[in-house]
Structures are given as structure tokens and as C-alpha cells.
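Participant: Would you be able to build a 3D model of this:
(chains A and B)
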Amino acid sequence: DTAVSQTPKYLVTQMGNDKSIKCEQNLGHDTMYWYKQDSKKFLKIMFSYNNKELIINETVPNRFSPKSPDKAHLNLHINSLELGDSAVYFCASSQEALRDRAGYTFGSGTRLTVV
Amino acid sequence: GNSVTQMEGPVTLSEEAFLTINCTYTATGYPSLFWYVQYPGEGLQLLLKATKADDKGSNKGFEATYRKETTSFHLEKGSVQVSDSAVYFCALRKAAGNKLTFGGGTRVLVKP
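Facilitator: Down below sits the predicted model:
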């Protein structure tokens, strides 16, 4: 059973298109995240949701819109895709209610290529 | 703000060599510290963690000790294998509800 699953694993699309990436976790965690990993492997947080409420929104173009229909799902919709959006996007989750500063559980990533 | 600095790679080693990856951090108070590993084509996996000063995290032969006095959390392994080839990330978080902040990652390549 995959703990944090993302779909699709690969996404190739043209500039200007709109696309979505989906994430689901079956760990019962209360918080989910989106991270972007660039070509140099640098990881930067984009968004975080706790129990469907947005709690972290880093400086991200508003073409990126996260949506959390319930605490087990966090989707990422991207409008008007640009070449610079090409990256690997990772979903992650954690259980913040325990307040023990636990690490995150990551999905296997979605490699987005904009052509 | 909080930040994590790792040695730049790639680090290339022979099998059974000793591995050290340096990690230092900047943060007030006592953050929790983590090492994550990313194998080729995969997501990040938690390798080990330490939540207070002088704690030692260990897993799969890897160790790291939380050194408050030098604000460091260096990763070590005594005898690496080819299967240890991966990118290693040091990370910190200050409190529950705060984000996990990553270093830039260090690529390790172990040759047979």
C-alpha cells in the first residue's frame, strides 16, 4: 500500500496549457505539502494544508492553485504553463497534531516537462 | 530565517570507503534535524533524525549527531556500498506547524 501517491508520474505538455497533479495519502495525517525540485535538486516548499486549511503559501505565481477537498487529498492545478515550470513536484504529508516535529512522508514525485 | 548548508557534491567514493557529508544550520532555538535520501528516480525517504542537542540518529549504518555548539549534523557511514549511491538532503524544522527547510542536497556516487 503506497502511503503517499501522486498521479501522474510523468507529465509532458505544451506551454500555455493547464494541468493538474493529484496527491493522496492513506496515513491518516492531518497536513499535506507541495514541494518543487528544480534541475539542480534544490527543494522549495510551495504550499501546505492542515485539515483542508491553507497554512503555508510561499511566493508562488498565482497560476499555481492548490485544492484540498479533504485532509487525505491535496491537488495542484497549474494554469498557463511556462517553460520554467518544468521540475519534479513532490507531495508530502505529516501528522502535526502530535506536535513532535516529525519528518514528512514523501510521494515519489511528478516530473513535469513543459515544451 | 532558517537555513541549511550542505557540502556540494558530487562525492565519489569506492565501495567500503568512509563517507562524511557535512551539514550546518542556522536557526534560533532547538530545531529538529533530519537526513533524507533520494535514490535515482524516487521520492525522498527519511533516513534518520535527531530532536535535541547531543542526540544521535542512526539507520542503515548511517549516523549523525546533533551538535548545538557547532550547529552541525554531519552524516557518516563507515563502509559504503554501491547501493548507497543517491542524493542526501539535510533538513530542519523548528516546531510542529513550521515547514521543513532543506539544504541543497549532496550527490554521492559509490563505485565498485
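Participant: and the helix or strand bottoming out on mean pLDDT in chain B, how far out from the chain's middle?
Facilitator: In chain B, the helix or strand scored least confidently by mean pLDDT, DSSP states H and E is strand B:101-102, which has a mean of 92. Once both centres are worked out by C-alpha atoms, centre = their mean, to the nearest Å, strand B:101-102 turns out to sit 11 Å from its chain's centre.
Participant: Next, the contact list for A:N51, please.
Facilitator: Residues near A:N51 by C-beta atoms under 8 Å, 6 or more residues apart in numbering or on different chains: A:D30, A:T31, A:K71. C-beta here means a position set from N, CA and C on the backbone, and glycine is covered the same way.
Participant: Now the residue most central in space within chain A: closest residue in space that isn't a chain neighbour?
Facilitator: Against the mean C-alpha coordinate of chain A, by C-alpha atoms, centre = their mean, the closest residue is A:W34 at 2.8 Å. Distances taken as C-beta to C-beta, 6 or more residues apart in numbering or on different chains put A:M46 closest to A:W34, at 4.4 Å, once the chain neighbours are dropped.
Participant: How about the residues of chain A by chain B?
Facilitator: A:4, A:33, A:40-43, A:45, A:48, A:50, A:55-56, A:90, A:92, A:96, A:98-109 (C-beta under 8 Å from any C-beta of the partner chain).
Participant: Just the buried ones out of those residues, please.
Facilitator: For the residues of chain A next to chain B, burial is judged from neighbour counts taken by 16 or more other C-beta atoms under 10 Å in any protein chain shown, and it is met by A:4, A:33, A:41, A:43, A:45, A:48, A:50, A:56, A:90, A:92, A:96, A:101-109.
Participant: hang on, the earlier thing: who touches the helix or strand where the residue nearest to the centre of chain A lies?
Facilitator: Secondary-structure assignment from DSSP states H and E places A:W34 in strand A:31-37. Contacts to strand A:31-37, defined as C-beta under 8 Å, 6+ apart, come from residues A:23, A:25, A:43-51, A:55-56, A:66, A:68, A:71, A:73-74, A:76, A:87-96, A:104, A:106, A:109, B:99-100.
Participant: Which strands border the helix or strand that that strand is followed by, and is each parallel or antiparallel?
Facilitator: Heading C-terminal from strand A:31-37, the first helix or strand you meet, by DSSP H and E, is strand A:43-50. Strand A:43-50 has the following sheet partners, assigned by DSSP bridges: strand A:31-37 (antiparallel), strand A:53-57 (antiparallel).
Participant: Pick out the shakiest of these, pLDDT-wise.
Facilitator: Set side by side, the strands paired with strand A:43-50 differ in mean pLDDT, and strand A:53-57 is lowest with a mean of 85.
Participant: returning to what we had before: ok, and the most crowded of the contacts of A:N51?
Facilitator: Looking at the contacts of A:N51 with neighbours defined as other C-beta atoms under 10 Å in any protein chain shown, the largest count falls to A:T31 at 24 neighbours.
Participant: Done for today, thanks.
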